[in-house]
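Participant: just a sequence and a predicted model for now, questions to come.
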Amino acid sequence: MLGLYLGRQRGLEQEQGQEIVCRLAQLPLLVARALALDQEVQAIAQRFSATPNFLYLGRGVNFPVALEGALKLKEI
């Protein structure tokens, strides 16, 4: 709500705000769908658990995502 309020102060249109609220309302369903993939994630983890190297690629807005992914793998 604070983000929407601040967005409105900076010119966020009402339609855009409503779209954000609709997408936020979908989050519980999306999280449940992601958690339902547990078996598939475990299979992929098992497959790559002995791999000595990984390469993370990202360009533009995906560059920070690639950096974060590489950091998380190092932390594990």
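Facilitator: Nice, thanks for sending it over.
Participant: tell me the helix or strand right after the strand or helix carrying Glu15.
Facilitator: Per DSSP states H and E: Glu15 is located in helix 14-25. Using DSSP H and E, the next helix or strand after helix 14-25 towards the C-terminus is helix 27-35.
Participant: so for that next one, mean pLDDT?
Facilitator: Mean pLDDT, computed over helix 27-35, is 96.
Participant: same question for stretch 57-75.
Facilitator: 94.
Participant: ok, residues contacting it?
Facilitator: 54, 56 (Cβ atoms under 8 Å, 6 or more residues apart in numbering). (C-beta placed from N, C-alpha, C; glycine too.)
Participant: which residues are in contact with Gly7?
Facilitator: Gly7 sits in contact with 16-17, 20, where contact means Cβ under 8 Å, 6+ apart.
Participant: apply 10 Å and report the result again.
Facilitator: 13, 16-17, 20 (Cβ atoms under 10 Å, 6 or more residues apart in numbering).
Participant: one more: Tyr5?
Facilitator: 12, 17.
Participant: quick check: it vs Ile20, distance?
Facilitator: 12 Å (Cβ to Cβ, to the nearest Å).
Participant: mutual contacts of these two, please.
Facilitator: Joint contacts of Tyr5 and Ile20 (Cβ under 10 Å, 6+ apart) are Leu12.
Participant: still on that earlier bit, tilt between the helix holding Glu15 and helix 27-35?
Facilitator: 40 degrees (axes from the mean of the first three to the mean of the last three Cα atoms, to 10 degrees).
Participant: which residues does helix 14-25 contact?
Facilitator: 1, 3-5, 7-8, 12-13, 30.
Participant: give me the distance from that helix to the chain's centre.
Facilitator: Chain-centre distance of helix 14-25: 18 Å, with Cα atoms, centre = their mean, to the nearest Å.
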